[in-house]
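# This is a predicted model, with the sequence first.
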Amino acid sequence: FFSSIMPPGMKQEISKTEFTKKMNEVNISRESLNKLVMNYLVIEGYKDAAEEFQKESGTPPGVDLESITDRMAIRNALQEGNVTEAISRVNDLNPELLDTEPALHFRVKKQEFIELIRKGDVESALTFAEEQLAPAGEENGDLLEEMENVMALLAFPDPEQSPLKHLLDLAHRQKTASELNAAILAMQCQEKESKLPILLKLIVWAQAKLDERKSMPSCMDQWLDGGEDQ
């Protein structure tokens, strides 16, 4: 029913009853849905939920669920600002990971520098920048601007009120933790991002495109209310 040709400026009206009927004709196997859920639980690190879902649905996780524990411990340490602990755990998991990912290694070190700034330990931050960040910037020209940008925090008496205050946001910790998490997933031959959020983004995009030409119910609303007719 999406193929009808309408005059310019007019939208085809599709009732909720008709839309529900069409949606119900789409056959998606329970196995496919279970795999989608398991993929999300594993990639996002919900180990206990993945174990329970495996018992209930019989869906194999595809990985050793114990590996989730190590990965989440690393991500949580970084999100809490314990960068040294995160690096130690990464090296225990795979001593070569950071050495083979220089840009990632630099960003983890950059986060360690930021945590020193956050604590107000300017002297240690300066020493760390000279010994850890500067050499990385000199070795990799692509990182030079990023290095100069973060080191500029040293120039402000109150970094949290400076133009670079976004570097001190918890969202920056999250970003670094996500990059490291993705690298660990790649190392373990897993996908870097779960399929479910990607699918939801695709649905929202498709809905917007359809709304340009048709007057119809929202796919998301339809699923949330169980597809019942009103």
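Looks like it came in fine.
# State the mean pLDDT of stretch 116-132.
In this model, stretch 116-132 has an average pLDDT of 95.
# ends of it, how far apart?
13 Å (CA to CA, to the nearest Å).
# In PDB, list the C-alpha atoms belonging to the host helix or strand of Pro197.
Using DSSP states H and E, Pro197 maps to helix 195-211. Taking Å, rounded to 0.1, in the frame of the first residue of the first chain, the C-alpha atoms of helix 195-211 are listed here in PDB:
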ATOM      1  CA  LYS A 195      21.700  -4.100  16.200                       C
ATOM      2  CA  LEU A 196      18.700  -3.000  18.100                       C
ATOM      3  CA  PRO A 197      19.500   0.800  18.300                       C
ATOM      4  CA  ILE A 198      20.500   0.700  14.600                       C
ATOM      5  CA  LEU A 199      17.200  -0.800  13.700                       C
ATOM      6  CA  LEU A 200      15.300   1.700  15.700                       C
ATOM      7  CA  LYS A 201      17.100   4.600  14.000                       C
ATOM      8  CA  LEU A 202      16.300   3.000  10.700                       C
ATOM      9  CA  ILE A 203      12.600   2.700  11.600                       C
ATOM     10  CA  VAL A 204      12.400   6.400  12.700                       C
ATOM     11  CA  TRP A 205      14.100   7.500   9.400                       C
ATOM     12  CA  ALA A 206      11.700   5.300   7.400                       C
ATOM     13  CA  GLN A 207       8.700   6.700   9.300                       C
ATOM     14  CA  ALA A 208       9.800  10.300   8.600                       C
ATOM     15  CA  LYS A 209      10.100   9.500   4.900                       C
ATOM     16  CA  LEU A 210       6.700   7.900   4.800                       C
ATOM     17  CA  ASP A 211       5.100  10.800   6.600                       C
END
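# Excluding chain neighbours, give the residue nearest to the most centrally placed residue in the chain in space.
Centroid-nearest residue in the chain: Ser178, 5.5 Å away (criterion: CA atoms, centre = their mean). Nearest in space to Ser178, with sequence neighbours left out and distances taken as CB to CB, 6 or more residues apart in numbering, is Arg75 at 7.9 Å. (Glycine included, C-beta is placed from N, CA and C.)
# re earlier: is it true that the residue nearest to the centre of the chain lies in a strand?
No: residue state for Ser178 (DSSP: H, G, I helix; E, B strand; the rest coil) corresponds to helix; a strand is not indicated.
# Strands of this structure, residue ranges please.
All strands of the chain, identified by DSSP state E, fall at 12-13, 214-215.
# how many neighbours does the residue nearest to Thr69 when sequence neighbours are not counted have?
With sequence-adjacent residues excluded and distances taken as CB to CB, 6+ apart, Thr69 is closest to Lys47, at 6.0 Å. Counted with other CB atoms under 10 Å, residues neighbouring Lys47 total 17.
# same deal with Ala50?
Per other CB under 10 Å, the neighbour tally for Ala50 reads 23.
# Correct me if wrong: it contacts Leu41.
Yes: assessed by CB atoms under 8 Å, Ala50 is found in contact with Leu41 at 4.1 Å.
# so what sits against both of these two?
Pro61 (CB atoms under 8 Å, 6 or more residues apart in numbering).
# which residues of the protein fall in helices?
Remark: helices assigned in the chain by DSSP state H are 16-24, 30-44, 47-57, 66-79, 83-93, 102-119, 122-128, 134-139, 144-151, 170-187, 195-211, 219-224.
# Pick the most buried one from the ones you listed.
helix 102-119 (a mean of 20; mean count of other CB atoms under 10 Å).
# distance between that helix and the chain's centre?
19 Å (CA atoms, centre = their mean, to the nearest Å).
# Give me the neighbour count for Leu133.
Neighbours of Leu133 using other CB under 10 Å come to 22.
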